[in-house]
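>>> coords please:
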Amino acid sequence: MADVVLINPAYNNIIYSEAKIKAGVPVNPLLNLALLAAEPVKAGIATEIWDLNLVPDPDDFVKREIQAKKPKLVGITFTTPLFAESVRLAGIIKAIDKTIVLVAGGPHATTFPEDVLKNSSFDVVAVGEADFIITKLLNLPFKEIEGIVFKEGSEIVGTPEAARMDNLDNLPFPAWHLYDLNKYNRSSLSNKASPPGYLETSRGCPWGCVFCNKNIQGTKFRPKSAKRVVDEIEFMLKAGFREINFLDDTFSTDLNRAKLICEEIIRRGLKFPWHPLNGMRVDRVDSELFSLMKRSGCYKVSFGIESGNQEILDRINKGIKLEQVIRAVKLAKKEGFETFGYFMLGLPGETESTMKETVRFAKKLKLDMAKFNITIPLPGTEIFKEWDEKGCIKTKDWAKYNFYAPYEAIYEHPTVPHSILNKSYRNAYLAFYFDPSFLLRRFFGGIKRGVLLRDIKLFFKTSWFN
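Below you'll find the predicted structure:
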């Protein structure tokens, strides 16, 4: 029996079916579900996490387990591309037991709580951060719980917004023991060791990129202390993780704190590979930080670069200069890091020429890896609002809002025809990954890092050869 079940919908065949580099797709235990489970576990409430990416037949698994476990509350977290799948799962669960309280959470539910409730079997939407929501939903009348929207008969009722937590050191450690980590032990271009675990050392991003939705964690930077971060790292290593992926919007917002974290890892003598998965800002790094990161076990640095055209960077409020990008990548390479760049094509103001500049810039940086995505205007972002007001948004069928699926059904780009954007996307990968200088760098880099055979194997698993 389980009183609480938290579900991660099967996303691989929905989000990544059209991904160009499938071998780089991560299948890792979700941090947010481990965080949500921590409080009910601490309170002695029987809690389970179901990762449907790990089961061959998710529908059969859900039906069988719901009937067997008879939970009181089921929570499903989802992003916009997984809205339709989550609604479908909610319908399956309600058909089995109408008394189960179904809770929706995540960025899409937070953006459109009323829409989610009107168009699904969900009973409640947890809006924003919801670290302590589950025990309240089990024990209190809904009207007494801040930060939720819920069904009351034929009406939809909202409660006052819950305050975000300022002192993140007070959070309980994630309930990682609810995952079978052996099921996540797989080779990937994304990681050096397996299984990898996700860690947040802070919440909130004070920068204003127009493509980013900040409705859950907000714009106020709220850090964990260096001691708390490294305590949590030790907890994760004891739980069975072999690599740590930092999930912060930007790990080094507070440059001094980032250095203190590295120094504390070194002081405790912890040996594990790690890297800042979501990318670092190029204007928040220096040689001392990179040196400390290297000494503390970091092996790869990712940068959110987005564009190789300064006017486009200014247009999207990125707040960086191309010269800073060049400097940051050089500093990272000097320390011997693998370097990874994130780029977006089809940003506001884009032209075929500016997209070619982005690809040329990516090649000029001599990165070890680059990821190019066609811009998707996600709900809750400034891009979505701007393009919706211009009449560029074609549909609000959220299942189509997928970074890797054809985007033409979603929107008309204001300045770039579909044919040019699609051609630029294809050419970006071909130009970067089949450039002779890149192939030589990757070959000799693979020998140096002892991962050449892995790189070759995973390269031939990508969609270029499928």
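>>> Tell me the predicted confidence for the closest residue to Trp176 other than its chain neighbours.
If the residues on either side of it in the chain are set aside, Trp176 comes closest to Ala239, at 4.3 Å by Cβ to Cβ, 6 or more residues apart in numbering. (Each C-beta comes from the backbone N, C-alpha and C, glycine too.) Ala239 is assigned a predicted lDDT (pLDDT) of 97.
>>> okay but Ala239 is in contact with Phe173, surely?
No. Shown here, Ala239 and Phe173 do not form a contact pair, counting by Cβ atoms under 8 Å, at 9.0 Å.
>>> ok, these two, which is more surrounded?
Taking Ala239 and Phe173 together and counting by other Cβ atoms under 10 Å, Ala239 has the greater number of neighbours (18 against 15).
>>> hmm, back to that, against His177, how distant is the residue nearest to Trp176?
Ala239 sits 7 Å away from His177, taking Cβ to Cβ, to the nearest Å as the criterion.
>>> swap in Val116?
For Val116, the distance to His177 (Cβ to Cβ) stands at 30 Å.
>>> Neighbour count: the two, which is higher?
It is Val116, of Val116 and His177, that has more neighbours when counted by other Cβ under 10 Å, with 26 against 13.
>>> Pull the contacting residues for the more buried one.
Residues in contact with Val116, defined by Cβ atoms under 8 Å, 6 or more residues apart in numbering, are Phe83, Val87, Ala104, His108, Ala109, Phe122, Val125.
>>> Skipping its backbone neighbours, what lies nearest the last one in space?
The reference is to Val125. Beyond its immediate neighbours in the sequence, the residue positioned closest to Val125 (Cβ to Cβ, 6+ apart) is Pro113, lying 3.9 Å away.
>>> Kindly report the same for the second one.
Take Val87 and drop its neighbours on the chain: the residue closest to it by Cβ to Cβ, 6+ apart is Ser120, 4.3 Å away.
>>> ok, that neighbour to Phe112 distance?
Between Ser120 and Phe112 the computed distance is 11 Å (Cβ to Cβ).
>>> Can you add neighbour count and pLDDT and give the contacts of Val116 back as CSV?
CSV is the format used below for these (neighbours: other Cβ atoms under 10 Å; pLDDT from 0 to 100):
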residue, neighbour count, pLDDT
Phe83, 25, 92
Val87, 19, 96
Ala104, 28, 97
His108, 27, 91
Ala109, 30, 93
Phe122, 28, 98
Val125, 28, 98
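>>> Out of the residues you listed, list just those in helices.
Counted as lying in helices by DSSP state H, out of these, are Phe83, Val87, His108, Ala109.
>>> returning to what we had before: just give the number of residues close to the residue nearest to Val125.
For Pro113, the neighbour count with other Cβ under 10 Å is 21.
>>> same question, the one 5 residues further on
Other residues near Lys118 number 11, with proximity taken as other Cβ under 10 Å.
>>> ok, back up a step: local confidence estimate at the residue nearest to Val87?
96.
>>> in terms of contact, does it touch Ala90 like I think?
Yes. At 5.3 Å, Ser120 counts as touching Ala90 under the criterion of Cβ under 8 Å.
>>> Identify the contacts common to the two.
Ala104.
>>> For the longest helix seen in the chain, what is the distance to the chain centroid?
The longest helix of the chain (DSSP H) is helix 418-433. Averaging C-alpha positions (Cα atoms, centre = their mean, to the nearest Å) puts helix 418-433 24 Å from its chain's average.
>>> Could I get the buried residue list for the helix or strand that contains Lys333?
Secondary structure assigned from DSSP states H and E places Lys333 in helix 322-334. Counting neighbours by 16 or more other Cβ atoms under 10 Å, one finds that the buried residues in helix 322-334 are Leu322, Gln324, Val325, Arg327, Ala328, Val329, Leu331, Ala332, Lys333.
>>> Ile156: how many residues sit nearby?
Ile156 has 16 neighbouring residues, counting by other Cβ under 10 Å.
>>> on that earlier part again, who touches the residue nearest to Trp176 in this structure?
Ala239 sits in contact with Trp176, His177, Leu181, Gly197, where contact means Cβ under 8 Å, 6+ apart.
>>> I'd like to know how far the first one sits from Val229.
When Cβ to Cβ is the yardstick, Trp176 and Val229 sit 16 Å from each other.
>>> Same drill for those two, tell me which one is more crowded.
In this comparison of Trp176 against Val229, neighbours counted by other Cβ under 10 Å, the higher total goes to Val229 at 24 against 21.
>>> If I look at the residue nearest to that one when sequence neighbours are not counted, what pLDDT would I see?
Leaving out its chain neighbours, the residue that sits closest to Val229 by Cβ to Cβ, 6+ apart is Thr201, at 4.7 Å. With respect to pLDDT, Thr201 has a value of 97.
>>> and what of Phe459?
Model confidence at Phe459, expressed as pLDDT, equals 57.
>>> all numbers from here: first residue = 675
Okay, residue one is now 675; in that scheme the one you just asked about reads as Phe1133.
>>> Now stretch 726-734: buried residues?
Leu726, Asn727, Leu728, Pro732.
>>> Among the residues you listed, pick out the one closest to Thr1025, please.
Within the buried residues of stretch 726-734, distances to Thr1025 taken as Cβ to Cβ reach their minimum at Asn727, with 38.4 Å.
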